Structures are given as structure tokens and as C-alpha cells.
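Enquirer: need coordinates for the following:
(one chain, ligands or ions: 1)
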Amino acid sequence: MDKIIITGSNGLLGQKLVKLFLSKNDCEIHAFSRGENRMTNTDGYTYYNIDITEKENLEQLVNKIQPRYIINTAAMTNVDACELQQLECDLINVEVVDTLVRLCEINNIHLIHLSTDFVFDGQKNGIYTEEDSPNPISHYGLSKVRSEKIILSADIKYTILRTVLVYGLVDRKDRSNIVLWVKKSLEDKMQINVVTDQFRMPTYAEDLAEACYLSIKNKAVGIYNVSSNELMSIYDIALEIADTFDLDASYINPIETSALNLAAKRPFRTEFDLKKSIRLLSLPSYSFKERLQVFKNQLSMFE
Ligand SMILES: NC(=O)c1ccc[n+]([C@@H]2O[C@H](COP(=O)([O-])OP(=O)(O)OC[C@H]3O[C@@H](n4cnc5c(N)ncnc54)[C@H](OP(=O)(O)O)[C@@H]3O)[C@@H](O)[C@H]2O)c1
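Expert: Numbering: from 1, shown residues only. This is a model prediction of the structure:
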């Protein structure tokens, strides 16, 4: 049975990955995250409470487990926090990746790493392919570009999945995202300001976990774009959420990004070309609307 390490297993993608690989019942799962295990199901896999920036502990554990794959979802993902705490961001988003790469080299491990549309400046007049040159405009984006470069220059088997605006539900419902935030605000009849000048292709966390699984199953190496298949403004995304959940959209106020005074800059428009992922990963192609309906059905089971 293949052994697999999933870092960041308490996070949104990490939790989905543990569940997905458990359901396949064909690998031994080792889940790494900080603090106590925040997943409801603690059976069928081994959880390690580890801060993976503690290099020696990380090295010791990986050398002991000797996995065939590491899926690295752990990261500082709050874009504004990365801008304000750059050293902390670099430690987890860059230096840990360097350590993982060295461990992969020594132990012949395939590394699956998560990256982002924020590696781009969003100014391209057209669709981003995997071959486009990164040009980050935030420290978060820069940290991800640096992690990608470390991987690309190493002699290891790797898969880099770049993804966009991920949404889904974690077990303790203690992590928000665009869908949960808009839904809750409208349910509470709170006015929200949503930007009309940023365009994204939102990604359902389950689909991103599936893409990680497919990259192993199809032995896909290289860089892949993973997202839903239509570009929408964040404002239109919010309207779609209101419509799907039958909520009053009049609480959604359209604004421009500049009005928000955020610490980090965001790319204007990150439309992904999905052809390579559809062809080589066999990634299913879904619209945001379709997956939002699936998410709604999933949420109704918990309410
Ligand atoms: N979410 C998005 O919209 C998005 C978009 C593009 C790309 N991505 C990328 O996709 C990946 C997964 O994202 P996500 O949304 O699942 O992120 P997430 O929910 O923030 O999960 C990241 C996990 O990593 C853990 N972690 C952070 N530092 C750690 C450390 N030093 N030691 C051990 N664990 C640590 C976090 O622990 P705590 O729970 O204790 O904080 C958290 O559980 C990330 O690489 C992210 O950059 C995400």
C-alpha cells in the first residue's frame, strides 16, 4: 500500500484530501497539521500534531514514514497577513517547501504542491496557460513563485497545481470563504461590499482534492491549472450565491477594490486555460453554478 503524507490536514483542502483518500481505501494516510486534529473522523489514518516549520521534526518524521507521495497543502493563505508578516509567510510558504524538496530528492518522493493564480499580475489580455511567466504583485504571490522555482529547479518528480478562490466546508465550520461569508451575511441581513473589478474562476474544494488524486492516478507531472470553467467578477459570484441560496441580493453593494484599502494588491483578472488539466489529469469541467448547487446540497445535510 502506498504511503502518503498530507500537510495542512486541518485546512480546507487538507480535510477534503484525507476524506477522499480514506474513501479510496488503497493507501496509508499520514496527516500533518498544527495543534489538535480538527477533523471529526479520526479513524483510518495517523494524525501528527507538528509545526512543519520545525525543520528537524519534519525531517525526522518524513525519513521515518518514507512516503511515496507528499501533498503539501500547508501554507499561510491569508494574502493580507502575508503582506504584513513576510518573514512568517516565507518560513511556511518557501522554506518548508525547500526542506520538503530536499527530502523528496533523498527519498525519491513525488511532491504534489499547491500554488495559486496570484503568481500572475492579472493584467494579461487573455487566458493564463501553465506556460505564462509569473509576475506576482503581492508577497503571497511572490512566496508561491519562489516555492515553485525551488521545485522546478530540483531533480524530483513533482506536480504543481495552481488554483483559484477555493470554497467548501471544514468539519468544525471554523473557516470561512467567499460562499459561506456571502451566505451568512445575507442570512443575517447585513450589508456587504463586494468588488466588481476582480475576476476569478472559483474552485470547489472537493474538485481540488480530486485533482490531487487524479495527478497521482494519472502520473501527471508538471504544472496544472485547476478551477471551475467560467470567469466571473467577485460581485457576480456574490449574486450567484444569493440566487442559489434564495437570499436577498439587495444587501450586496458593488464597490471597487481601491475602496477597500487592503494591505496586499490583488490581480485584476485571472482566467485559467484548463485544456492541459482536462487532457492530462482528466479533470472534470464544471461551472461555478453547477458546483454551488452541489455545495448547497452538502450544506443542507449539516443544517
Ligand atoms: N483557499 C484559497 O482560496 C486558495 C487559492 C489559491 C491557492 N490556494 C492554496 O491551496 C493550498 C490549500 O489552501 P487551503 O484553503 O486549504 O488553506 P487553509 O485552509 O488555510 O489550510 C492550510 C493549513 O495549513 C496549516 N499550516 C499552516 N502553517 C503550518 C505549520 N507551520 N505547520 C503545520 N501546519 C500549518 C494551517 O494550520 P492552522 O489551521 O493551524 O492555521 C491550515 O490547517 C494552499 O497552499 C494555498 O496557498 C488556496
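
Enquirer: number of residues surrounding residue 105?
Expert: 13 (other CB atoms under 10 Å). Bear in mind the C-beta positions are built from the backbone N, C-alpha and C, glycine included.

Enquirer: what's near enough to touch it?
Expert: 154-156 (CB atoms under 8 Å, 6 or more residues apart in numbering).

Enquirer: can you check residue 106 too?
Expert: Here residue 106 is in contact with residue 63 (CB under 8 Å, 6+ apart).

Enquirer: rerun that using 6 Å as the cut-off
Expert: If a contact means CB atoms under 6 Å, 6 or more residues apart in numbering, then residue 106 has no contacts.

Enquirer: one more: the one 10 residues further on?
Expert: Shown in contact with residue 116 (CB under 6 Å, 6+ apart): residue 144.

Enquirer: likewise residue 214?
Expert: 281-282.

Enquirer: what residues does the chain have near the ligand?
Expert: Within reach of the ligand by CB under 6 Å from any ligand atom, the chain has these residues: 8, 10-14, 33-35, 51-53, 73-75, 77, 92, 114, 116, 163-166, 175.

Enquirer: backbone phi and psi for residue 158, please?
Expert: The phi/psi pair for residue 158 (degrees, to the nearest 10) reads phi -140, psi 150.

Enquirer: returning to that earlier point: which of the residues of the chain next to the ligand fall in helices?
Expert: 12-14 (DSSP state H).

Enquirer: closest to residue 216 among those?
Expert: residue 13 (14.7 Å; CB to CB).

Enquirer: if I look at that closest one, how far off is residue 75?
Expert: Distance of residue 13 to residue 75, computed by CB to CB, to the nearest Å: 10 Å.

Enquirer: tell me which of these two has more neighbours.
Expert: When residue 13 and residue 75 are compared for neighbours, residue 13 comes out ahead with 28 against 25, by other CB under 10 Å.

Enquirer: spatially, what comes nearest to that one if we skip its sequence neighbours?
Expert: In space, and not counting its chain neighbours, residue 13 is closest to residue 73: 4.5 Å by CB to CB, 6 or more residues apart in numbering.

Enquirer: neighbours of the one you found, how many?
Expert: Neighbour tally, residue 73, other CB under 10 Å: 26.
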